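A.B. asks: Quick one: sequence and predicted model below, then my questions.
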Amino acid sequence: MTATLELKGVVKRFGPAEIIRGVDLRVLRGERHALIGPNGAGKSTLFHLVSGHLRLSGGEIRLGGTRLDGRSPAAIARLGLARSFQITSIFGGMSVFENLRLAVLARRRRATVAWRLASAMTDAAEEAVARAEAVRLRPRLDTPAADLAYAEQRALELALTLALDPGVVLLDEPTAGMSAEEAAATVDLIRRTTEGRTLLVVEHDMDIVFRLCDRISVLVNGRVVATDAPAAIASNPDVRTAYLGDAVDA
Ligand SMILES: Nc1ncnc2c1ncn2[C@@H]1O[C@H](COP(=O)(O)OP(=O)(O)OP(=O)(O)O)[C@@H](O)[C@H]1O
């Protein structure tokens, strides 16, 4: 399988502290890949490195063969990697519709001429409505984003990220702070709306990870100690010792 996102020997130091200590990671095209690990393992740091919010101390990151490291978050987003809940920001005073139309227009402005011609038939407003519909926010189109319930705001953030039409989507704890029902609905939403795209997800809830993802990488102490299918990760003795422990027995 082709790797779409590839990390080789990635190192990040903060002063004398080496937080990411030589990470190799291959995220395959079209897969949903989870990054798990104990608190402080370096998951957020790794996300910041991939999305261009932090500079590498060593190693390289490629997206479809193109070097990402050294580029700005905006340049990385233009290359097709979007990070939900970071790159996109909701404008609270604007309605759901206005937020989405703005994101759609922003993408179209930078689209190639060929793409513009192909899409000339579709109006940005129409696309904004369709994107709201996809995340079940159509009834809330005219609601100021600030007035949405928490789970609805997260759904809008997802829709705004997808409006960039990225090939690779990074999701940072997409169900954090949600009730069990909201989290289950969010997993369905993510599965449906990201069909055909590549996902890299940091998530603490093992139930969510096992339901959502095709493969899991386990980060411990700045190193990837295992990458495998969920069942293999659950029964990997090293992983159980390092991280999962009772969570798997439960
Ligand atoms: N800017 C920084 N300067 C110095 N140390 C940092 C910086 N950012 C993160 N760290 C340290 O790097 C380590 C890894 O942090 P990180 O937030 O990446 O872990 P994490 O796996 O995302 O943890 P959590 O699951 O708790 O969110 C921590 O020890 C943290 O204190």
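C.D. replies: It's in.
A.B. asks: Do a quick rundown of the strands in this protein.
C.D. replies: 3-14, 17-28, 32-36, 58-63, 66-67, 81-83, 168-172, 198-202, 215-220, 223-228 (DSSP state E).
A.B. asks: of all the residues in this structure, which ones are close to the ligand?
C.D. replies: 14, 17, 19, 37, 39, 40, 41, 42, 43, 44, 45 (C-beta under 6 Å from any ligand atom). C-beta: built from backbone N, CA, C; applies to glycine.
A.B. asks: how about 5 Å then?
C.D. replies: With the criterion set to C-beta under 5 Å from any ligand atom, the chain comes near the ligand through 14, 19, 39, 40, 41, 42, 43, 44, 45.
A.B. asks: Please report how far the nearest residue to residue 127 once chain neighbours are set aside lies from the ligand.
C.D. replies: Taking C-beta to C-beta, 6 or more residues apart in numbering, and ignoring the residues beside it in sequence, residue 127 has residue 104 as its nearest neighbour in space, at 4.9 Å. Relative to the ligand, residue 104 is positioned 31 Å away (C-beta to the nearest ligand atom, to the nearest Å).
A.B. asks: per-residue confidence for residue 104?
C.D. replies: Note for residue 104: predicted pLDDT of 87.
A.B. asks: That one - how many residues pack around it?
C.D. replies: Each residue near residue 104 was counted by other C-beta atoms under 10 Å, and the total is 23.
A.B. asks: So it sits against residue 165, correct?
C.D. replies: No - taking contacts as C-beta atoms under 8 Å, residue 104 lies outside contact range of residue 165: 9.4 Å.
A.B. asks: This structure: helices as residue ranges?
C.D. replies: Ranges of helices in the chain, per DSSP state H, are 43-51, 73-78, 96-109, 113-118, 124-134, 150-162, 180-193, 206-212, 230-234, 237-239, 246-249.
A.B. asks: Point out the other helices and strands that the first one packs with.
C.D. replies: What it means is helix 43-51. strand 3-14, strand 17-28, strand 32-36, helix 73-78, strand 81-83, strand 168-172, strand 198-202 (3 or more C-beta pairs under 8 Å, 6 or more residues apart in numbering; DSSP states H and E).
A.B. asks: Contacts only, for residue 107.
C.D. replies: Remark: with contacts taken as C-beta atoms under 8 Å, 6 or more residues apart in numbering, residue 107 is in contact with 163, 164, 165.
A.B. asks: same thing with residue 82?
C.D. replies: Counting by C-beta under 8 Å, 6+ apart, residue 82 touches 88, 161, 162, 164, 166, 168, 169, 170.
A.B. asks: Lowest-confidence one in the residues you listed?
C.D. replies: Sorting these by pLDDT puts residue 88 at the bottom of the list (54).
A.B. asks: Excluding chain neighbours, what is closest to the residue nearest the centre of the chain?
C.D. replies: By C-alpha atoms, centre = their mean, the mean C-alpha position of the chain lies nearest to residue 170, the distance being 1.6 Å. In space, and not counting its chain neighbours, residue 170 is closest to residue 83: 4.2 Å by C-beta to C-beta, 6+ apart.
A.B. asks: Out of the helices and strands packed on helix 43-51, the one nearest residue 229 is which?
C.D. replies: Smallest distance to residue 229 across the helices and strands packed on helix 43-51 (C-beta to C-beta): 10.9 Å, for strand 32-36.
A.B. asks: tell me which strands and helices that closest one is in contact with?
C.D. replies: Checking 3+ C-beta pairs under 8 Å, 6+ apart, strand 32-36 ends up next to helix 43-51, strand 198-202, helix 206-212, strand 215-220.
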